[in-house]
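Enquirer: A structural model of the following input is requested.
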Amino acid sequence: MDGSAEVSSLIEGLQSANDSTRQLSAFQLKSSVTKPAFVSTFVNSDGLRILDRAIQQEDGKTLTYALGALASLLQQGYKDLLSIEVVTKVCLHSRHFKSC
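Expert: So this is what the prediction gives:
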């Protein structure tokens, strides 16, 4: 699967009405955001907005996976693109983020 197809599939999955699909997509995203080419395509495909929304709406394992993906993106310098709602939720689930 090429990068844009992978990104499209994960973005679609994060927005699915099916809980299991969203969870699997968040899990796969957590692994995929370690690849610079994927991240570039993800960011250019409005993926940060989708991830932001997922973090605001999810809980349980899906939220844990989404926060893991976010942690990786933050380490890569995507700090300025977060909403205050996501920052608040991250701090409430701060086991991923030592600075909260």
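
Enquirer: Put the alpha carbons of the helix or strand of the chain with the lowest mean pLDDT into PDB.
Expert: Lowest by mean pLDDT, DSSP states H and E among the helices and strands of the chain is helix 84-92, with a mean of 72. Output in PDB follows, covering the C-alpha atoms of helix 84-92 (Å, rounded to 0.1, in the frame of the first residue of the first chain):
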ATOM      1  CA  ILE A  84      -6.800  23.500  23.600                       C
ATOM      2  CA  GLU A  85      -9.300  20.700  24.100                       C
ATOM      3  CA  VAL A  86      -6.700  18.100  23.100                       C
ATOM      4  CA  VAL A  87      -4.100  19.700  25.300                       C
ATOM      5  CA  THR A  88      -6.500  19.500  28.200                       C
ATOM      6  CA  LYS A  89      -7.400  15.800  27.500                       C
ATOM      7  CA  VAL A  90      -3.700  14.900  27.100                       C
ATOM      8  CA  CYS A  91      -3.000  16.400  30.500                       C
ATOM      9  CA  LEU A  92      -5.800  14.500  32.000                       C
END
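
Enquirer: which helices and strands does it pack with?
Expert: helix 47-57, helix 60-75 (3 or more Cβ pairs under 8 Å, 6 or more residues apart in numbering; DSSP states H and E). C-beta coordinates here come from the backbone N, C-alpha and C atoms, glycine included.

Enquirer: Please list all residues in contact with the residue nearest to Ala66 when sequence neighbours are not counted.
Expert: In space, and not counting its chain neighbours, Ala66 is closest to Ala26: 4.6 Å by Cβ to Cβ, 6 or more residues apart in numbering. Contacts for Ala26 (Cβ atoms under 8 Å, 6 or more residues apart in numbering) come out as 14, 54, 58, 61-63, 65-66, 69.
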